[in-house]
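>>> fold the following.
(one chain, ligands or ions: 1)
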Amino acid sequence: MAGARLVHWQAVRLVVLAVLAAFIQVDSVQPATTAGPVRQWLHAAEDQPSQASVWSRLARQLPVNLPGSRPVFRLRSTSRAGVLLSWPSRPAPDVALVEPARARAPVDSVVRLAFSEPMEATSVEQSFRVDPSVDGQFEWPDPETFLFRPSAPLAYRTIYRVSVAGYGVAQRRLVTAASFSFSTLWPPPAVPFPFTLTFDDCGTAEQIQAILTALDDRGLHAIFFPTGKCRDQFPWLVPTLIAAGHRVCNHTYSHPDLSKLSAGAIASEIQRGVSVQCDLFRPPYGAMDKFGRVYSVATSLGYKIQLWDVDTRDWAGTPTDVMVAMIRARGGVVLMHMHGIHTVEAIRAL
Ligand SMILES: [Zn+2]
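Take a look at the predicted model:
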């Protein structure tokens, strides 16, 4: 009876193995990029007599593809009837994206990958992909560091996806198939002097959003001088500006020429204006009366007068290249408007 039971259990074991093999066969999806490494790994296994058993030969003959994301398994014969299914004791080599170091990268970035152990170069290079595809050269500063140097700058505002697999030299274990992504930024503005962009009044929601996107693309923080009316029209405006890291300062409630108003009316306009922890006040049109009332009322309310160094007259349609030349010529505080005609183009062209 005992012998029969042993035979019975051996039969069960074979069935289990067959089911396992079927699962492996069905469940394994081999990325085309790892075809080389897998074939080579199996070929290498044939050179190792310790692996040569019926079951390991069977394993080699099965169309079992080992995707990099799964542990490599080995089928070994044992002294007792049956097969031991075992995983390697050490984990597969790992890989990390070292460059670009941040999710938003300059267009002149290189791709640098750091592996946890020396790698077989060809297997890495054959599996390496950048999408959208980019021409460039491969370099190996050391056996654990793979560098891809694009032959031209990357595209602006584009999401790139990098994927890689391959196997380590020492253990011929597959690296965990890895993919990374990053997006490209616009380059920093080419202005030789310190400068601050300021945006006055109000605009359409689309104009304001386009300015915010352009500032974000260029990595710029600005000072906004919206009127109180603009805040009332767009309740999202001030929270959005603050959340994006911009300053929000006072430009009166309804944008009158303060030089023609009484001191009391001036004070009312300023007090109903917008200000978020900002002591800067910009009088509409830069209008200051000869009696100093605008100045004295504003200072009595705790404000400093903030005019500008460069008046782009963007509201009147100044061409983009003219505005850019004005800003590059001297830097300083630049007056622009949320309703400017070529304002967004100028931010992008700086
Ligand atoms: Zn204004």
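
>>> contact partners for Ala222?
Under the criterion of CB atoms under 8 Å, 6 or more residues apart in numbering, the contact list for Ala222 reads Thr196, Leu197, Thr198, Phe199, Leu215, His246, Arg247. Placement of C-beta: from N, CA and C, glycine included.

>>> how many other residues sit next to the nearest residue to Ser179 once chain neighbours are set aside?
Using CB to CB, 6 or more residues apart in numbering and skipping the chain neighbours, the partner closest in space to Ser179 is Ser163 (4.0 Å). Residue neighbour count, defined by other CB atoms under 10 Å, stands at 16 for Ser163.

>>> quick one: secondary structure of Ser163?
strand (DSSP: H, G, I helix; E, B strand; the rest coil).

>>> quickly list what it is bridged to.
Beta-bridge pairing for Ser163 (DSSP bridges): Arg129, Ser179.

>>> my read: it touches Ala178, true?
Yes. Assessed by CB atoms under 8 Å, Ser163 is found in contact with Ala178 at 6.9 Å.

>>> which of the contacts of Ala222 are close to the ion?
Among the contacts of Ala222, no residue lies close to the ion (CB under 5 Å from the ion).

>>> name the residue of the stretch 51-200 of the chain that lies nearest to the ion.
Asp200 (4.0 Å; CB to the ion).

>>> ok but that residue is inside a strand, no?
Yes. With three-state DSSP as the criterion, Asp200 is located in a strand.

>>> okay, helices next: where are they in the protein?
Taking DSSP state H, the helices of the chain run over residues 2-27, 35-46, 54-61, 121-127, 205-218, 228-233, 237-243, 263-271, 293-300, 320-330, 343-349.

>>> any idea how far the one residue sitting closest to the centre of the chain is from Tyr160?
Residue closest to the mean C-alpha point of the chain, counted by CA atoms, centre = their mean, is Ala103 at 2.9 Å. Taking CB to CB, to the nearest Å as the measure, Ala103 falls 11 Å from Tyr160.

>>> now list whatever residues contact both of these two.
Ser181, Phe182, Ser183.

>>> mind putting the residues you listed into CSV with pLDDT?
As requested, the shared contacts of Ala103 and Tyr160 are exported to CSV (pLDDT from 0 to 100):
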residue, pLDDT
Ser181, 92
Phe182, 90
Ser183, 88
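
>>> so of those, which ones are in strands?
Judged by DSSP state E, the shared contacts of Ala103 and Tyr160 include Ser181, Phe182, Ser183 as members of strands.

>>> between those residues, identify the one with the most neighbours.
Neighbour-wise, these (other CB under 10 Å) top out at Phe182, 21 neighbours.

>>> tell me, how many residues neighbour Gly203?
22.

>>> show me the contacts for it.
Gly203 sits in contact with Ile211, His337, Met338, His339, Gly340, where contact means CB under 8 Å, 6+ apart.

>>> switch to 7 Å and redo it
Applying CB atoms under 7 Å, 6 or more residues apart in numbering to Gly203 gives the contacts Met338, His339.

>>> pLDDT score assigned to it?
Listed pLDDT for Gly203 reads 97.

>>> quick one: Ala128 from Leu185, how far?
One thing to correct before we go on: residue 128 is Phe, not Ala. Remark: distance between Phe128 and Leu185 (CB to CB) = 23 Å.

>>> okay, how far is it across stretch 93-104, tip to tip?
For stretch 93-104, the first-to-last residue distance is 27 Å (CA to CA, to the nearest Å).

>>> then stretch 99-107?
First-to-last residue span, stretch 99-107, CA to CA: 12 Å.

>>> repeat that for stretch 113-121.
Stretch 113-121 end-to-end distance (CA to CA) = 12 Å.

>>> what's the offset of that stretch from the middle of its chain?
Between the centre of stretch 113-121 and the centre of its host chain there is 24 Å, according to CA atoms, centre = their mean, to the nearest Å.

>>> pull out the buried positions in that stretch.
Using 16 or more other CB atoms under 10 Å as the test for burial, stretch 113-121 gives Leu113, Phe115, Glu117, Met119, Glu120.

>>> and the nearest residue to Tyr303 once chain neighbours are set aside, how far from Ala298?
Nearest non-adjacent residue to Tyr303, counting by CB to CB, 6+ apart: Phe281, 3.6 Å away. Using CB to CB, Phe281 is found at 5 Å from Ala298.

>>> what is in contact with the two at once?
Ile270, Ile305.

>>> so Thr184 touches Asp108, yeah?
No. Contact criterion CB atoms under 7 Å: Thr184 and Asp108 do not qualify, at 9.4 Å.

>>> more neighbours, the two?
A direct count of neighbours by other CB under 10 Å for Thr184 and Asp108 places Thr184 higher, at 21 against 11.
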